[in-house]
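K.L.:
everything below, folded, please.
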Amino acid sequence: AGEAAVDGVALDLGVSSMQIDEPERGFSFMRDGPLDMRMGAEGQTAADLVNTAEPKDLARLLFVYGEERQSRRIAAAIARRRAEQPFTRTLELAEFIEKALGGRRGAKVHPATRSFQALRIAVNEELSELEAGLLAAERTLKTGGRLCVVTFHSLEDRIVKTFLSVRSGRTPAASRHAPPRQTGPAPSFELLFNGAHAPSDAEVAANPRARSAKLRAAVRTDAPVWREAA
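P.N.:
Below you'll find the model as predicted:
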(Lines give C-alpha, C1' and ligand atoms only; values in the text may rest on other atoms or scores of the structure.)
Protein backbone atom coordinates (compact mmCIF):
# COMPACT_ATOMS: atom_id res chain seq x y z
CA ALA A 1 0.00 0.00 0.00
CA GLY A 2 1.11 3.55 -0.69
CA GLU A 3 1.19 6.52 1.66
CA ALA A 4 -1.99 7.56 3.46
CA ALA A 5 -3.74 10.04 1.20
CA VAL A 6 -7.38 10.22 2.31
CA ASP A 7 -8.91 13.15 4.20
CA GLY A 8 -12.04 11.31 5.26
CA VAL A 9 -13.80 7.95 5.19
CA ALA A 10 -17.57 7.61 5.61
CA LEU A 11 -19.14 4.18 6.01
CA ASP A 12 -22.95 4.10 5.68
CA LEU A 13 -23.69 0.47 6.45
CA GLY A 14 -26.47 -1.92 5.58
CA VAL A 15 -28.87 -1.90 2.67
CA SER A 16 -29.77 1.35 0.93
CA SER A 17 -33.37 2.49 0.58
CA MET A 18 -32.96 2.07 -3.17
CA GLN A 19 -32.11 -1.61 -2.74
CA ILE A 20 -34.96 -2.21 -0.29
CA ASP A 21 -37.44 -0.57 -2.63
CA GLU A 22 -36.46 -2.82 -5.57
CA PRO A 23 -38.44 -6.06 -5.09
CA GLU A 24 -36.28 -7.93 -7.59
CA ARG A 25 -33.29 -7.56 -5.24
CA GLY A 26 -35.05 -9.69 -2.64
CA PHE A 27 -34.18 -7.64 0.46
CA SER A 28 -37.67 -6.73 1.62
CA PHE A 29 -40.16 -8.98 3.37
CA MET A 30 -42.88 -6.44 2.55
CA ARG A 31 -42.58 -6.70 -1.24
CA ASP A 32 -42.57 -9.94 -3.20
CA GLY A 33 -39.45 -10.76 -5.15
CA PRO A 34 -36.89 -13.51 -5.72
CA LEU A 35 -35.16 -14.68 -2.54
CA ASP A 36 -31.81 -13.19 -3.54
CA MET A 37 -30.43 -10.51 -1.13
CA ARG A 38 -27.05 -10.22 -2.87
CA MET A 39 -25.67 -6.69 -3.05
CA GLY A 40 -23.54 -7.83 -5.98
CA ALA A 41 -24.21 -10.34 -8.72
CA GLU A 42 -22.00 -13.16 -7.48
CA GLY A 43 -22.06 -15.77 -4.74
CA GLN A 44 -24.81 -17.70 -3.04
CA THR A 45 -28.28 -16.25 -2.70
CA ALA A 46 -30.54 -16.23 0.33
CA ALA A 47 -32.52 -19.02 -1.35
CA ASP A 48 -29.36 -21.13 -1.54
CA LEU A 49 -28.82 -20.69 2.20
CA VAL A 50 -32.40 -21.31 3.20
CA ASN A 51 -32.78 -24.40 1.02
CA THR A 52 -29.41 -26.11 1.59
CA ALA A 53 -27.92 -25.14 4.96
CA GLU A 54 -28.02 -27.78 7.69
CA PRO A 55 -30.78 -26.94 10.21
CA LYS A 56 -28.26 -26.46 13.04
CA ASP A 57 -26.15 -24.13 10.87
CA LEU A 58 -29.23 -22.19 9.77
CA ALA A 59 -30.35 -21.86 13.39
CA ARG A 60 -26.93 -20.57 14.44
CA LEU A 61 -26.91 -18.09 11.56
CA LEU A 62 -30.33 -16.72 12.56
CA PHE A 63 -29.29 -16.51 16.21
CA VAL A 64 -25.88 -14.90 15.70
CA TYR A 65 -26.62 -12.52 12.81
CA GLY A 66 -30.28 -11.86 13.53
CA GLU A 67 -30.23 -12.20 17.33
CA GLU A 68 -33.36 -14.28 16.80
CA ARG A 69 -34.25 -16.12 20.02
CA GLN A 70 -36.58 -18.51 18.17
CA SER A 71 -33.87 -19.49 15.69
CA ARG A 72 -34.07 -23.24 16.29
CA ARG A 73 -37.83 -23.24 15.91
CA ILE A 74 -37.65 -21.32 12.65
CA ALA A 75 -34.81 -23.45 11.23
CA ALA A 76 -36.61 -26.70 12.05
CA ALA A 77 -39.82 -25.48 10.40
CA ILE A 78 -37.92 -24.33 7.30
CA ALA A 79 -36.16 -27.71 7.03
CA ARG A 80 -39.47 -29.57 7.13
CA ARG A 81 -41.09 -27.36 4.52
CA ARG A 82 -38.15 -27.18 2.08
CA ALA A 83 -38.01 -30.98 1.90
CA GLU A 84 -41.37 -30.78 0.10
CA GLN A 85 -41.01 -27.43 -1.65
CA PRO A 86 -37.95 -25.14 -1.76
CA PHE A 87 -38.34 -21.46 -0.93
CA THR A 88 -37.95 -19.10 -3.88
CA ARG A 89 -39.81 -15.85 -2.99
CA THR A 90 -39.43 -13.25 -0.26
CA LEU A 91 -43.09 -13.01 0.76
CA GLU A 92 -43.32 -16.79 0.75
CA LEU A 93 -40.53 -17.03 3.33
CA ALA A 94 -41.73 -14.04 5.36
CA GLU A 95 -45.26 -15.40 5.65
CA PHE A 96 -43.94 -18.85 6.53
CA ILE A 97 -41.76 -17.48 9.34
CA GLU A 98 -44.67 -15.42 10.63
CA LYS A 99 -46.86 -18.54 10.81
CA ALA A 100 -44.05 -20.62 12.34
CA LEU A 101 -43.84 -18.08 15.16
CA GLY A 102 -47.58 -18.01 15.74
CA GLY A 103 -48.47 -14.84 13.86
CA ARG A 104 -47.97 -11.19 14.71
CA ARG A 105 -49.82 -11.13 18.03
CA GLY A 106 -49.92 -7.36 17.92
CA ALA A 107 -46.17 -6.98 17.46
CA LYS A 108 -45.05 -3.73 15.84
CA VAL A 109 -42.06 -5.43 14.21
CA HIS A 110 -42.69 -8.09 11.58
CA PRO A 111 -41.76 -11.57 12.89
CA ALA A 112 -39.46 -12.15 9.90
CA THR A 113 -37.39 -8.99 10.46
CA ARG A 114 -34.54 -10.63 12.38
CA SER A 115 -34.37 -13.64 10.08
CA PHE A 116 -34.17 -11.48 6.96
CA GLN A 117 -31.44 -9.39 8.58
CA ALA A 118 -29.47 -12.54 9.38
CA LEU A 119 -29.75 -13.93 5.86
CA ARG A 120 -28.74 -10.63 4.30
CA ILE A 121 -25.67 -10.32 6.54
CA ALA A 122 -24.62 -13.91 5.82
CA VAL A 123 -25.13 -13.67 2.06
CA ASN A 124 -23.05 -10.50 1.79
CA GLU A 125 -20.52 -11.32 4.53
CA GLU A 126 -21.27 -7.86 5.89
CA LEU A 127 -19.52 -8.10 9.24
CA SER A 128 -16.18 -9.24 7.81
CA GLU A 129 -16.49 -6.55 5.13
CA LEU A 130 -17.04 -3.96 7.87
CA GLU A 131 -13.93 -5.11 9.73
CA ALA A 132 -11.92 -4.91 6.49
CA GLY A 133 -13.28 -1.41 5.85
CA LEU A 134 -12.23 -0.17 9.29
CA LEU A 135 -8.72 -1.53 8.81
CA ALA A 136 -8.55 0.08 5.36
CA ALA A 137 -9.58 3.42 6.86
CA GLU A 138 -6.77 3.18 9.40
CA ARG A 139 -4.25 2.52 6.60
CA THR A 140 -5.40 5.22 4.20
CA LEU A 141 -6.42 8.18 6.36
CA LYS A 142 -4.02 11.09 6.68
CA THR A 143 -3.10 12.43 10.10
CA GLY A 144 -6.14 14.49 11.07
CA GLY A 145 -8.36 12.58 8.64
CA ARG A 146 -11.79 11.62 9.91
CA LEU A 147 -13.62 8.32 10.04
CA CYS A 148 -17.41 8.43 10.35
CA VAL A 149 -19.48 5.25 10.54
CA VAL A 150 -23.27 4.96 10.54
CA THR A 151 -24.60 1.61 11.77
CA PHE A 152 -28.14 0.30 11.86
CA HIS A 153 -28.07 -2.68 14.23
CA SER A 154 -26.23 -3.81 17.33
CA LEU A 155 -23.87 -6.25 15.60
CA GLU A 156 -22.44 -3.54 13.37
CA ASP A 157 -22.30 -0.99 16.16
CA ARG A 158 -20.51 -3.42 18.48
CA ILE A 159 -17.74 -3.99 15.90
CA VAL A 160 -17.26 -0.26 15.32
CA LYS A 161 -17.40 0.54 19.04
CA THR A 162 -14.81 -2.12 19.86
CA PHE A 163 -12.48 -1.12 17.01
CA LEU A 164 -12.50 2.57 17.96
CA SER A 165 -12.23 1.78 21.66
CA VAL A 166 -9.11 -0.32 21.13
CA ARG A 167 -7.56 1.95 18.52
CA SER A 168 -8.08 5.05 20.69
CA GLY A 169 -6.34 3.43 23.65
CA ARG A 170 -9.51 2.76 25.59
CA THR A 171 -11.15 -0.51 26.57
CA PRO A 172 -14.89 -1.29 26.48
CA ALA A 173 -14.89 -2.19 30.18
CA ALA A 174 -13.05 0.92 31.39
CA SER A 175 -14.91 3.23 33.75
CA ARG A 176 -15.97 6.54 32.25
CA HIS A 177 -14.56 8.21 35.36
CA ALA A 178 -11.10 6.70 34.87
CA PRO A 179 -8.48 8.02 32.43
CA PRO A 180 -8.00 6.07 29.18
CA ARG A 181 -5.63 3.15 29.56
CA GLN A 182 -2.71 2.92 27.15
CA THR A 183 -1.98 -0.65 26.14
CA GLY A 184 0.08 -1.87 23.23
CA PRO A 185 0.80 0.45 20.28
CA ALA A 186 0.15 4.18 20.36
CA PRO A 187 -3.50 5.08 19.63
CA SER A 188 -4.14 5.41 15.89
CA PHE A 189 -7.47 7.19 16.44
CA GLU A 190 -8.88 9.81 18.80
CA LEU A 191 -12.63 9.78 19.36
CA LEU A 192 -14.45 12.90 18.19
CA PHE A 193 -17.10 12.33 20.84
CA ASN A 194 -17.91 9.70 23.42
CA GLY A 195 -20.51 7.08 22.61
CA ALA A 196 -22.77 7.19 19.56
CA HIS A 197 -25.01 9.94 18.22
CA ALA A 198 -28.61 9.02 17.42
CA PRO A 199 -30.87 10.80 14.91
CA SER A 200 -33.04 13.65 16.12
CA ASP A 201 -36.82 13.37 16.30
CA ALA A 202 -37.00 15.61 13.22
CA GLU A 203 -34.69 13.29 11.26
CA VAL A 204 -36.75 10.24 12.19
CA ALA A 205 -39.96 12.04 11.25
CA ALA A 206 -38.49 12.92 7.84
CA ASN A 207 -36.93 9.48 7.33
CA PRO A 208 -38.36 6.70 9.54
CA ARG A 209 -35.67 4.28 8.33
CA ALA A 210 -33.12 6.38 10.23
CA ARG A 211 -34.65 5.53 13.62
CA SER A 212 -32.10 2.81 14.43
CA ALA A 213 -29.06 4.65 13.05
CA LYS A 214 -26.01 5.34 15.23
CA LEU A 215 -23.06 7.53 14.31
CA ARG A 216 -19.55 7.03 15.68
CA ALA A 217 -16.60 9.12 14.57
CA ALA A 218 -12.87 9.49 15.19
CA VAL A 219 -9.85 11.38 13.87
CA ARG A 220 -6.64 9.69 12.70
CA THR A 221 -3.58 10.38 14.81
CA ASP A 222 0.00 10.37 13.53
CA ALA A 223 0.64 6.94 15.09
CA PRO A 224 1.61 4.03 12.82
CA VAL A 225 -0.98 1.54 11.64
CA TRP A 226 -1.44 -1.29 14.17
CA ARG A 227 -0.08 -4.62 13.00
CA GLU A 228 -2.57 -6.84 14.79
CA ALA A 229 -6.33 -6.79 14.22
CA ALA A 230 -8.53 -5.07 16.79
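K.L.:
where does Leu130 land in three-state SS?
P.N.:
Taken by DSSP: H, G, I helix; E, B strand; the rest coil, the conformation at Leu130 corresponds to helix.
K.L.:
can you list the low-confidence ranges for this structure?
P.N.:
1-4, 15-29, 171-183, 228-230 (pLDDT under 70).
K.L.:
farthest residue from the center of it?
P.N.:
Within the chain, the residue lying farthest from the chain centre (C-alpha atoms, centre = their mean) is Glu84, at 32.3 Å.
K.L.:
report the contact partners of Phe96.
P.N.:
By C-beta atoms under 8 Å, 6 or more residues apart in numbering, Phe96 lies in contact with 77-78, 81, 87. For every residue, glycine as well, the C-beta is placed using N, CA and C.
K.L.:
can you name the next helix or strand after whichever strand or helix holds it?
P.N.:
Here Phe96 is covered by helix 90-100, with elements defined by DSSP states H and E. On the C-terminal side of helix 90-100, the closest following helix or strand by DSSP H and E is helix 113-124.
K.L.:
any idea of the angle that next one forms with helix 90-100?
P.N.:
Per axes from the mean of the first three to the mean of the last three C-alpha atoms, to 10 degrees, the angle that helix 113-124 makes with helix 90-100 is 130 degrees.
K.L.:
helices or strands up against helix 113-124?
P.N.:
Contact here means 3 or more C-beta pairs under 8 Å, 6 or more residues apart in numbering; DSSP states H and E; on that basis helix 113-124 packs against helix 46-52, helix 55-66, helix 90-100.
K.L.:
switch the cut-off to 6 Å
P.N.:
With contacts defined as 3 or more C-beta pairs under 6 Å, 6 or more residues apart in numbering; DSSP states H and E, helix 113-124 has these neighbours: helix 55-66.
K.L.:
buried ones in the helix or strand just after the helix it packs on?
P.N.:
Moving toward the C-terminus from helix 55-66, the first helix or strand encountered (DSSP H and E) is helix 71-82. Residues 71-75, 77-79, 81-82 are the ones in helix 71-82 that count as buried (16 or more other C-beta atoms under 10 Å).
K.L.:
possible to save these as CSV with distance to Leu119?
P.N.:
Putting the buried residues of helix 71-82 into CSV (distance: C-beta to C-beta, whole Å) gives the following:
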residue, distance to Leu119
Ser71, 12
Arg72, 16
Arg73, 16
Ile74, 11
Ala75, 12
Ala77, 15
Ile78, 11
Ala79, 15
Arg81, 16
Arg82, 14
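K.L.:
just give me the longest strand of this protein.
P.N.:
The strand that spans the most residues within the chain, counting by DSSP state E, is strand 141-151.
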